[in-house]
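J.: no sequence on this one, just coordinates:
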């Protein structure tokens, strides 16, 4: 490899990291439920792999989906490491993303795939084609998984004490929960007759 090709490769990798790094790290933090070292490792690995394949990942949304799929495929399904991390450290890592304690408690009940579905589908609003890539699933399964995850989240977060008299969010709802609920409510109301 020539010096020029090496410099161009380095610039491409840096640009790829700049374009995708922060949001991918946030995705990884949510999927790993605040395991900051694991999230950083997963995001860095995905970015390295993506930078190597950057020529094939030129479309930004397809690249974002590919990167998230890479993270999800490499999340340990049963992680004693996550369980060993103090819950307050994980909660603190997610608080910076707008996750309040009650939302954390719900996300803790979800699998990494369910968290990825919620984050990529509801929070980030990836297109169905991109969700298929993230979840490595066919269209019908993606739609079913997204609807089920949305429903489970809303059921578990709909405790009467969290609702105001008008039926809206309570004052203690964090920004992430507010975003999820707004999107889910809009999606559910479109389906209502």
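T.: That came through, no problem. It should be emphasised that the depicted structure is a prediction, and the values quoted were computed from it without experimental measurement.
J.: pretty sure residue 46 sits against residue 70.
T.: Yes - the pair residue 46 and residue 70 passes the contact test of CB atoms under 8 Å, sitting 4.0 Å apart. For the C-beta atoms, the positions are set from N, CA and C on the backbone; glycine is no exception.
J.: show me which of the two is the more surrounded one.
T.: Between residue 46 and residue 70, residue 46 has the larger neighbour count (other CB atoms under 10 Å), namely 25 against 21.
J.: ok, that one - contacts?
T.: 24, 28, 67, 68, 70, 71, 74 (CB atoms under 8 Å, 6 or more residues apart in numbering).
J.: so the third one makes contact with residue 22?
T.: Meaning residue 67. No - Residue 67 is not in contact with residue 22 according to CB under 8 Å; the separation is 12.0 Å.
J.: looking at these two, which is more packed in?
T.: Between residue 67 and residue 22, counted using other CB under 10 Å, the more crowded position is residue 67 (26 against 11).
J.: give the contact list for that one.
T.: Counting by CB under 8 Å, 6+ apart, residue 67 touches 20, 24, 46, 47, 50.
J.: stretch 128-146: end-to-end distance?
T.: Using CA to CA, to the nearest Å, one end of stretch 128-146 lies 10 Å from the other.
J.: average pLDDT for the strand or helix carrying residue 15, rounded please.
T.: Taking DSSP states H and E as the definition, residue 15 sits inside helix 3-31. Mean pLDDT, helix 3-31: 79.
J.: tell me the buried residues in it?
T.: Using 16 or more other CB atoms under 10 Å as the test for burial, helix 3-31 gives 13, 16-17, 19-21, 24-31.
J.: so what secondary structure elements neighbour that helix?
T.: Contact partners of helix 3-31 among helices and strands, from 3 or more CB pairs under 8 Å, 6 or more residues apart in numbering; DSSP states H and E: helix 36-52, helix 60-74, helix 87-95, helix 112-117.
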